[in-house]
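Q: need a structure here:
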Amino acid sequence: MPRTHHVYLVPGFFGFANLGQLAYFGHVRRALAAELPALGAKAQIHVVRTQPTASLTQRAARLAEAIAESGRGSGSIHLIGHSSGGLDARLLASPGALLPARVAFERLLPRLRSVVTVATPHRGTPLASSFATLRGQRLLQLLSLGTIHVLHVGRLPISVLLRLGGILARAGDRGIGSDLVDEVFASLLADFSVGRRRAVRALLHDVVRDQSLLLQLTPEAMDLFDAVVRDRPGVRYGCVVTEAAPPGLRSTLAAGLDPAAQATHAIYGALHRLASATPERHVPALAPAASRTLRRALGAAPSPAANDGIVPTRSQVRGRIVDAVRADHLDVLGHFRDGANDPPHVDWMMSGSRFDRPRFERLWRAVARFVVRSASARS
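A: Model (predicted):
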């Protein structure tokens with residue numbers, strides 16, 4: 001009888017897995033549930049609930065507790081982290097890591113076989129510096145609420161989109177009034193039930209109350225993380241790398257004629273410009289093998305400014321490149337426009353990447369193969 005593979009999906013700082021049916025990893029979980037058995041693997045897939053903006057040590061401790069709670073028995077353990085969730089996985093796996101976990105998780109780590117990071121800021125993202133300011137905290141709340149609203153309702157009202165786009169376009173303007181921000185908040189929350197409003201408000205309160213993660217995701221802070229967090233011997237490390245189209249005429253045309261799509265594309269453009277501003281001294285060099293792989297997959301090696309709307313593309317490269325795709329930060333989770341699927345794929349914002357269901361399925365098939373091969377490498 002084949003042993004069970006325990007696969008843990010770890011969300012990033014947009015990690016609202018705790019908001020009921022708002023399934024951050026919903027499409028990914030379904031994809032892996034189909035692909036792993038097709039490869040002859042018996043798997044249990046666990047979605048980890050973390051605090052969206054808590055420190056990396058707190059988040060890694062929560063991951064350790066989740067594994068201890070559900071990963072008892074035998075079988076291999078695999079960690080798949082999206083965005084900063086990949087850093088949680090790396091920190092947990094690092095030999096000798098001291099975490100404030102309430103369980104003795106170290107005895108489980110000999111069963112760890114793979115760590116896959118997806119659009120993870122291994123060398124930081126300049127967006128973290130922007131969001132860590134007082135003005136940026138409110139902006140991050142708005143973006144989080146907007147993303148939750150899109151995945152719950154299907155799209156943002158055009159009136160809200162235009163106001164949100166105006167706020168983002170003036171992100172550095174000290175003249176932005178709190179009344180306008182409060183008005184957008186009220187409009188977005190009005191579409192939720194009373195119970196869901198309470199859960200969303202609690203999440204957004206946490207976003208402001210604990211800014212530890214954002215401070216740790218700056219390129220400057222990640223220099224230290226990357227220097228001291230070590231790979232665990234015997235564990236295979238892989239990464240999924242994303243690069244979205246830079247905002248311009250081509251991406252604008254790709255977003256289509258829908259006014260709402262164009263408004264979200266403007267929001268994406270503002271985020272992309274912020275994410276492209278990595279200080280030159282913190283731009284990681286690409287190893288020749290990684291550069292060749294990315295050139296084959298993306299058509300060209302990513303420039304220092306290339307990003308997925310949240311994380312610089314070069315910052316995501318670490319370990320074996322499992323796949324590299326033209327996609328924005330949430331496309332790879334299945335949050336792209338495809339209403340024909342059941343359940344439908346709903347886009348968070350229009351980047352013009354043209355990411356679609358066949359490409360999504362190929363990506364997660366490659367991840368599933370990496371997981372299965374990692375398990376058999378030491379079995």
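Q: in the sheet, who's paired with residue 323?
A: On the basis of DSSP bridges, residue 323 is bridged to residue 240.
Q: Near it, how many other residues are there?
A: 23 (other Cβ atoms under 10 Å). Placement of C-beta: from N, CA and C, glycine included.
Q: Which pLDDT does the model give the nearest residue to residue 5 once chain neighbours are set aside?
A: Of all residues not flanking residue 5 in the chain, residue 43 sits nearest, at 4.4 Å (Cβ to Cβ, 6 or more residues apart in numbering). Residue 43 carries a pLDDT score of 93 in this model.
Q: Same question for residue 105.
A: On pLDDT, residue 105 comes in at 83.
Q: Now do the same contact list for it.
A: Residue 105 makes contact with 64-65, 67-68, 92, 99, according to Cβ atoms under 8 Å, 6 or more residues apart in numbering.
Q: Can I get those residues in CSV including neighbour count, distance to residue 277 and pLDDT?
A: Conversion of the contacts of residue 105 to CSV gives the following (neighbours: other Cβ atoms under 10 Å; distance: Cβ to Cβ, whole Å; pLDDT from 0 to 100):
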residue, neighbour count, distance to residue 277, pLDDT
64, 25, 34, 93
65, 16, 36, 93
67, 24, 36, 93
68, 16, 40, 91
92, 30, 30, 96
99, 22, 32, 92
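Q: Contact partners for the closest residue to residue 377 other than its chain neighbours?
A: The shortest distance from residue 377 to any non-neighbouring residue, by Cβ to Cβ, 6+ apart, is to residue 236 (6.7 Å). By Cβ under 8 Å, 6+ apart, the contact set of residue 236 is 113-115, 319-320, 370, 373-374, 377.
Q: from those, which is closest to residue 59?
A: Using Cβ to Cβ, residue 115 comes nearest to residue 59 of these, at 14.6 Å.
Q: quick one: secondary structure of that closest one?
A: On the three-state scheme (DSSP: H, G, I helix; E, B strand; the rest coil), residue 115 is labelled strand.
Q: That one contacts residue 235, doesn't it?
A: Yes: applying Cβ atoms under 8 Å, one finds residue 115 in contact with residue 235, separated by 6.1 Å.
Q: Which neighbours do those two have in common?
A: Joint contacts of residue 115 and residue 235 (Cβ under 8 Å, 6+ apart) are residue 93.
Q: So for these two, which residue has more residues nearby?
A: Each of residue 115 and residue 235 has its neighbours counted (other Cβ under 10 Å); residue 115 has more, 26 against 19.
Q: Tell me the bridge partners for the more buried one.
A: Residues in beta-bridge contact with residue 115 (DSSP bridges): residue 79, residue 237.
Q: Report whether residue 352 is found in a helix, as I expect.
A: No: looking at residue 352 with three-state DSSP, it is coil, so not inside a helix.
Q: What about it, how many residues nearby?
A: Residue 352: 24 neighbours (other Cβ under 10 Å).
Q: Surely it touches residue 262?
A: No: the pair residue 352 / residue 262 is not scored as a contact, 10.4 Å apart, by Cβ under 8 Å.
Q: hey, what's in contact with both of the two?
A: By Cβ under 8 Å, 6+ apart, the residues touching both residue 352 and residue 262 are 252, 255.
Q: Walking through the stretch 1-150 of the chain, point out its helices one by one.
A: 26-38, 56-70, 85-93, 126-131, 134-153 (DSSP state H, counting those that start in this stretch).
Q: Quick one: mean pLDDT over the first one.
A: For helix 26-38, the per-residue pLDDT values average out at 95.
Q: From residue 139, how far off is residue 197?
A: Relative to residue 139, residue 197 is positioned 20 Å away (Cβ to Cβ, to the nearest Å).
Q: Comparing these two, which residue is more hemmed in?
A: Between residue 197 and residue 139, counting by other Cβ under 10 Å, residue 139 is the more crowded of the two (22 against 13).
Q: Find the residue at the geometric middle of the chain.
A: Ranked by distance to the mean C-alpha position of the chain (Cα atoms, centre = their mean), the top residue is residue 83 at 3.3 Å.
Q: Leaving aside the residues adjacent along the chain, what's closest to that one?
A: Distance criterion Cβ to Cβ, 6+ apart; nearest residue to residue 83, sequence neighbours excluded, is residue 12 at 2.5 Å.
Q: residues near that neighbour, how many?
A: Counted with other Cβ under 10 Å, residues neighbouring residue 12 total 28.
Q: ok, so of the contacts of residue 105, who is nearest residue 289?
A: Closest to residue 289 out of the contacts of residue 105 is residue 92 (26.9 Å), distances taken as Cβ to Cβ.
Q: Neighbours of the residue nearest to the closest one when sequence neighbours are not counted, how many?
A: For residue 92, ignoring the flanking residues on the chain, the nearest one in space by Cβ to Cβ, 6+ apart is residue 60 at 4.5 Å. Residues lying near residue 60 (other Cβ under 10 Å) number 28.
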